[in-house]
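Trainee: Below is the structure, and that's it, no one-letter string:
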C-alpha cells in the first residue's frame, strides 16, 4: 500500500463516475520499495510526480475509450467515403441495347439506366408513403369512432339525467319496495 502524507493533505479522486476525497499519496503504488532500497537517491520533485500521475490517468482514459473512438472513426470514414462506382450489371444492361455504341451513346445509355433506377426507387418510396398515409387515415378514423363511443357512454350515465332517478337507482331494493320517502327529497 502507498504511504500517505502526514500533513493532512487531501486529493480529489475520480474513478469511473465517482468523485471522492482521499489522503494524498506520497508514493504511487510500487514506488515505495525504490525509496527504501536506495536512500541515497534524491527524492523526485513533486511537479514531476504530479505530471506522471496525470500522464497515467490520461493513458488510462485513452485505453478505456479507445474501442469507442475507433468505432466512431470507422463510421465517419464510411460516411465520408465516395459512393461506389457503377457495378457491372449496369454496364451489361447498356451493352444489350441494339444501337451501335459510340462513346457519347454509351454515356447517354448509362445515364438513362441510372435515371431509370432512381425513378423506380422514387416510385417505390411513393407507394410506401401512400400506404403509410392510408394506414394513418384508418387509425385516425378508428380513434375518432372510439372517442365518440366513449363520449356516448359517458353521456348516457344516469348522473346527467333526473336527480330523483339517480337517487332511486342508488337506493337499495328494500327501500324502493317499502316506498319510504328518501330524506331530503320532496
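Mentor: That came in fine, so what should we check first? None of the values given here were measured: they were computed from a predicted structure.
Trainee: Pull the contacting residues for residue 10.
Mentor: 21, 22, 23, 24 (CB atoms under 8 Å, 6 or more residues apart in numbering). All C-beta spots, glycine's among them, are computed from the backbone N, C-alpha and C.
Trainee: can you pick the most crowded of those residues?
Mentor: Counting neighbours by other CB atoms under 10 Å, residue 23 leads the contacts of residue 10 with 15 neighbours.
Trainee: Please report how far that residue lies from residue 11.
Mentor: 8 Å (CB to CB, to the nearest Å).
Trainee: related to what we said a few turns ago, inside strands: which ones of the contacts of residue 10?
Mentor: Secondary structure assignment by DSSP state E places 21, 22, 23 of the contacts of residue 10 in strands.
Trainee: For residue 58, state which of those residues is nearest.
Mentor: Proximity of these to residue 58 (CB to CB) peaks at residue 22, which lies at 19.6 Å.
Trainee: thought the closest one was touching residue 9?
Mentor: No - Residue 22 is beyond contact range of residue 9, at 10.4 Å (criterion: CB atoms under 8 Å).
Trainee: related to what we said a few turns ago, nearest to residue 123, of the contacts of residue 10?
Mentor: Closest approach to residue 123 among the contacts of residue 10 (CB to CB): residue 21, at 66.1 Å.
Trainee: Skip the chain neighbours and tell me the closest residue to the closest one.
Mentor: Leaving aside its chain neighbours, residue 21 sits nearest to residue 10 (4.9 Å; criterion: CB to CB, 6 or more residues apart in numbering).
Trainee: Tell me both backbone torsions, phi and psi, for that neighbour.
Mentor: Backbone torsions of residue 10, given as degrees, to the nearest 10, read phi -120, psi 150.
Trainee: just the one 5 residues further on next, same as before
Mentor: As for residue 15, its main-chain torsions (degrees, to the nearest 10) stand at phi -130, psi 100.
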